[in-house]
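Chemist: The sequence isn't on hand, but the structure is:
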Ligand SMILES: NC(=O)c1ccc[n+]([C@@H]2O[C@H](COP(=O)([O-])OP(=O)(O)OC[C@H]3O[C@@H](n4cnc5c(N)ncnc54)[C@H](O)[C@@H]3O)[C@@H](O)[C@H]2O)c1
């Protein structure tokens, strides 16, 4: 873990920053020696990416590059990791396939892995969250891409298969579709995979199901289960970005209204907390008695969804489960209710039930579909029931994804450099703590350390 410790050493000015990180690397003799070889490799990667990619329009690269530059300037942790990767090239000679929401922060993760010596290819984990300009910029920077915004189900599967035709040695997945496609449709290829990382709760549930039935053929790092992921990304990231997505899509006020949050897990806690901060009355629906109790003691009303349906103005599902809002709830909803999903798949709000009940369906604003029922009531579904913060927004705030993607990059290095057995593995605690220390250092925050006496006291059964 020594390599990790260097991230927590401050530089002379006591600051972490993108420019400092890059200056450190660019100033080193080793970096200069590598520069020539890397620029010709970069030119080769660029022409290969342009020849092999399936994207909407390479002409959009200028706008995408600006978006990537903006996030790069606000991701000090990933810049630290990138600087280390440029020096040490942990992925030299490796092919890495990434299946994530393709927006600027993810693009910067892909470029960080590329800076570590890998050939990188990407596909989208969700067709509605893909930003075509960012994808074009990635291709412009030598990453092969198979994605466009609004891909049909068939195109989505074609993109995943083209990504696997790239024959990766390592993968980063979000939601488990890439791993599932490999095991279901291309089992022979699973022996080529050293390992990978999984981003989200739903993906880890699927991996654990595969592990339990003995079918998972390679090691996967459960990035979501690291403290520095779910405590911050799921809670504060989803909390902020879900309301950002809903507000920018509807332009409606939240204060004074009732927000129903279905699922009080790590994401749901953030969504409920931010709804309260915006001035909404918050109702939580749960199936887990402990989490329901937690919601009560956090000051929220708790009730079944059919009761909540009668009082809600905004509904946000964030469970990772299917059919959480269905016909009985739609039948009693108020006219004008807004429905949004933040769980991984678009199965939490029943679209089949909405279509069965509606006499008229029309798009009334970008990303807003109106369902008019027989009795004249209307409900509004945002972003086709897909992750509202990504399909109707830019996803989590940059600084939050900086932590998650630092974990992703370091987790991938960990799995590539150490021999893990097939199965689901947790991010080592030291690595998790390193990312927390990097984030604190980036904000200039210092904390106390245990004294030797305190350490002994905490590990002893004597009371003196
Ligand atoms: N939108 C995003 O950017 C984003 C970010 C991270 C995770 N996710 C996704 O959000 C989902 C939730 O993630 P999490 O980390 O909060 O999971 P979690 O396991 O911590 O919480 C899910 C909660 O939903 C509850 N639940 C399950 N079925 C329910 C039902 N029918 N009605 C009410 N409650 C129900 C569970 O009891 C649990 O408390 C997953 O699909 C995850 O992949 C989305």
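Modeler: Done, it's in. Predicted model, so just to flag it, every value in this text is computed and none were measured. Residues are numbered from 1 along each chain as shown.
Chemist: Only C-alpha atoms from now on, for both contacts and neighbour counts.
Modeler: Noted.
Chemist: Report how many residues lie close to the residue nearest to residue 446 when sequence neighbours are not counted.
Modeler: Ranked by CA to CA, 6 or more residues apart in numbering and with sequence neighbours excluded, the top spatial neighbour of residue 446 is residue 440, at 7.0 Å. Counted with other CA atoms under 10 Å, the neighbours of residue 440 add up to 14.
Chemist: after whatever helix or strand residue 440 lives in comes which helix or strand?
Modeler: Taking DSSP states H and E as the definition, residue 440 sits inside helix 429-442. For helix 429-442, the succeeding helix or strand toward the C-terminus, using DSSP H and E, is helix 452-458.
Chemist: Buried residues of that following helix, list them for me.
Modeler: Buried residues in helix 452-458, counting neighbours by 16 or more other CA atoms under 10 Å, are absent.
Chemist: mean confidence for that helix?
Modeler: Averaging pLDDT along helix 452-458 gives 95.
Chemist: Tell me the residues of the stretch 251-400 of the chain that contact the ligand?
Modeler: Counting by CA under 6 Å from any ligand atom, the residues of the stretch 251-400 of the chain close to the ligand are 262-268, 285-288, 291, 318-321, 324, 342-344, 387, 389.
Chemist: can you rerun that using 8 Å?
Modeler: Residues of the stretch 251-400 of the chain lying near the ligand by CA under 8 Å from any ligand atom: 262-269, 285-288, 291, 305, 317-325, 341-345, 387-390, 395-396.
Chemist: Not counting its own residues, what contacts the helix or strand hosting residue 211?
Modeler: Assigned by DSSP H and E, residue 211 falls within helix 201-212. Residues outside helix 201-212 that contact it (CA atoms under 8 Å, 6 or more residues apart in numbering) are 173-177, 198, 216, 222, 224-225, 320, 344, 423-424.
Chemist: among the residues you listed, who's most crowded?
Modeler: That'd be residue 198 among those, by other CA under 10 Å, with 28 neighbours.
Chemist: Report the spatially nearest residue to that residue, omitting neighbours in sequence.
Modeler: Closest to residue 198 by CA to CA, 6+ apart is residue 173, at 4.9 Å.
Chemist: List the residues that contact that neighbour.
Modeler: So residue 173 contacts 98, 99, 100, 125, 179, 196, 197, 198, 199, 203 (CA under 8 Å, 6+ apart).
Chemist: Tell me which two in those residues are the farthest apart.
Modeler: 125 and 196 (15.1 Å; CA to CA).
Chemist: higher neighbour count, the two?
Modeler: Applying other CA under 10 Å to residue 125 and residue 196 shows that residue 196 carries more neighbours, namely 28 against 24.
Chemist: Give me the secondary structure label for that one.
Modeler: strand (DSSP: H, G, I helix; E, B strand; the rest coil).
Chemist: beta partners for it?
Modeler: Bridge pairing for residue 196 (DSSP bridges) gives the partners residue 171, residue 220.
Chemist: Just the closest residue of the stretch 351-464 of the chain to the ligand, please.
Modeler: Distance from the ligand to each residue of the stretch 351-464 of the chain (CA to the nearest ligand atom) is smallest for residue 387, at 5.2 Å.
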